[in-house]
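>>> sequence first, then the predicted structure, then my questions.
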Amino acid sequence: MAIISDNGDTKFTTKRNPMVKPETIEYDNTFENSIRPKDFDSYIGQSALKETLKITLEAAKLREKPLDHMLFYGPPGLGKTTIAGVIAAQMGVEIKITSAPALERPRDIIGILMSLKGGEILFIDEIHRLNKVAEEILYPAMEDFTLDMTTGKSQTAKTLRVPLPKFTLIGATTKAGELSSPLRDRFGMIHRLEFYTIEELSQVVERTAKILEINITREGAIAIARRSRGTPRIANRLVKRVADFAIVKYEGIIDEFVANESLDILKIDEFGLEPTDRALLNLIIEKYDGGPVGVETIAAALSEDVRTIEDVCEPYLLQAGLLQRTPRGRKVSPEGYRHLGIKSPSEQTRLF
């Protein structure tokens, strides 16, 4: 059996290897943190973005000034939070992480801003969901590093301008189009994170397997990568799920056969589609003649939330060319028909 060793060489063994140590079998709440890369060398993928950030970070160090505010956008699971942590580590500063829905009241955002120290990074996830009050508090904080506060009531009301230490705001969003123009324009750098290639995802799988002390062959890593929908978060989740099958049903080693068999049992096909994805495509084909059909109708028919359809299912289906978005709604592409093994209307017409 071929095994990838720590130094990247391939070794062969016939001995049954325990896949994980007993103390690591129990789910660890720090799983995500344990596998997050801490520097650009261990951060896999997003090559163009990394090169740009390296130059930006080096220039900021030479100027001895904080970084410009940054906005990262793209589908979920591509590493927006992770790259913010890498930036903080490379700059040698602390990072405070929060999410927009948690900043409901003005005092929430004010408290965080007042607690920041010079050069620190404030990371706000799903920043497009900031309420209007919190957003307006951020405007002077981002531009002038000041906090505008009002004291007193009616005729005795006074406006105070409280200086803030210079900090860097990093925002992350899955819906850049929902950001207001005044907020978006205050970011000095705006970058889109791209879906990962199979080669990049296989490296992610191998790295995660090494950290979790899972024995995996290169072919096994590629098999998992093919079904990970171009997303590192999904790849990391599948590594753990396939590892469960490997330790219970097989030799404790993930090779190509074990990976494919396990993912077939999990009903994740060779395109990375899960039952919900296939149900969505089948629904449009069987109930609505392939589309177009509105997303609200699809969500109601599947008993799913509209945001789940838009944020989880659609991005990859569109990227893979299985689904098309038109002004009148969603429709299944010819490639989607072929993937499901169903003749498209154009193919059926040619038969006659």
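Happy to help now that I have it.

>>> now residue 82. Nearest residue, chain neighbours left out?
Leaving aside its chain neighbours, residue 82 sits nearest to residue 36 (5.1 Å; criterion: Cβ to Cβ, 6 or more residues apart in numbering). Yep, even glycine has a C-beta here, placed from its N, CA and C like the rest.

>>> please apply the same query to residue 326.
For residue 326, ignoring the flanking residues on the chain, the nearest one in space by Cβ to Cβ, 6+ apart is residue 292 at 5.0 Å.

>>> again with residue 37
Residue nearest to residue 37 in three dimensions, not counting chain neighbours: residue 43, with 4.3 Å by Cβ to Cβ, 6+ apart.

>>> isn't residue 275 up against residue 269?
No: counting by Cβ atoms under 8 Å, residue 275 stays clear of residue 269, with 9.6 Å between them.

>>> if you count what's nearby, which of these two comes out ahead?
Taking other Cβ atoms under 10 Å, residue 275 and residue 269 do not tie; residue 269 has more neighbours (16 against 11).

>>> now that one, what's its secondary structure?
Put simply, residue 269 is coil when judged by DSSP: H, G, I helix; E, B strand; the rest coil.

>>> pretty sure it sits against residue 278.
Yes: under the criterion of Cβ under 8 Å, residue 269 makes contact with residue 278 at 7.5 Å.

>>> now whichever strand or helix holds residue 287: mean pLDDT?
Per DSSP states H and E: residue 287 is located in helix 275-288. For helix 275-288, mean pLDDT is 92.

>>> now do it: everything it contacts.
By Cβ atoms under 8 Å, 6 or more residues apart in numbering, the surrounding residues in contact with helix 275-288 are 267, 269, 290-291, 293, 297-298, 301-302, 304, 309, 313, 316-317, 322-323, 330-332, 336-337, 339-340, 342.

>>> try 7 Å
Contact with helix 275-288 is made by 267, 290-291, 293, 298, 301-302, 313, 317, 322, 330-332, 336, 340, 342, as judged by Cβ atoms under 7 Å, 6 or more residues apart in numbering.

>>> quick one: which of the residues you listed is nearest to residue 84?
Using Cβ to Cβ, residue 313 is the member of these that lies nearest residue 84, at 25.9 Å.

>>> shaky segments in the stretch 151-300 of the chain?
Within the stretch 151-300 of the chain, the set of residues satisfying pLDDT under 70 comprises 152, 154-157.

>>> can you show me the helices along it?
181-184, 198-211, 218-226, 232-249, 256-265, 275-288, 295-302 (DSSP state H, counting those that start in this stretch).

>>> for the shortest one, give me every contacting residue.
By that I understand helix 181-184. 71, 135, 139.

>>> let me have those in CSV, extended by distance to residue 78, neighbour count and secondary structure.
What follows is the contacts of helix 181-184, written out as CSV (distance: Cβ to Cβ, whole Å; neighbours: other Cβ atoms under 10 Å; DSSP: H, G, I helix; E, B strand; the rest coil):
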residue, distance to residue 78, neighbour count, secondary structure
71, 14, 24, strand
135, 24, 18, helix
139, 28, 13, helix
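
>>> if we only consider those residues, which is nearest to residue 101?
Residue 101 has its nearest neighbour among the contacts of helix 181-184 in residue 135, at 13.3 Å by Cβ to Cβ.

>>> got the domain ranges for this structure?
Following automatic domain parsing, one gets these domains for the chain: 47-192, 196-265, 275-341.

>>> ends of the last one, what's the gap?
Spelled out, it's domain 275-341. 15 Å (Cα to Cα, to the nearest Å).

>>> show me the contacts for the residue lying closest to residue 171 once chain neighbours are set aside.
Closest residue in space to residue 171, ignoring its immediate chain neighbours: residue 127 at 3.7 Å, by Cβ to Cβ, 6+ apart. Going by Cβ under 7 Å, 6+ apart, residue 127 touches 100, 171-173, 179.

>>> so where do the strands sit in this structure?
Applying DSSP state E to the chain gives strands spanning 2-4, 10-12, 70-73, 95-99, 121-125, 146-151, 158-163, 168-173, 189-192, 215-216, 253-254, 323-326, 329-332.
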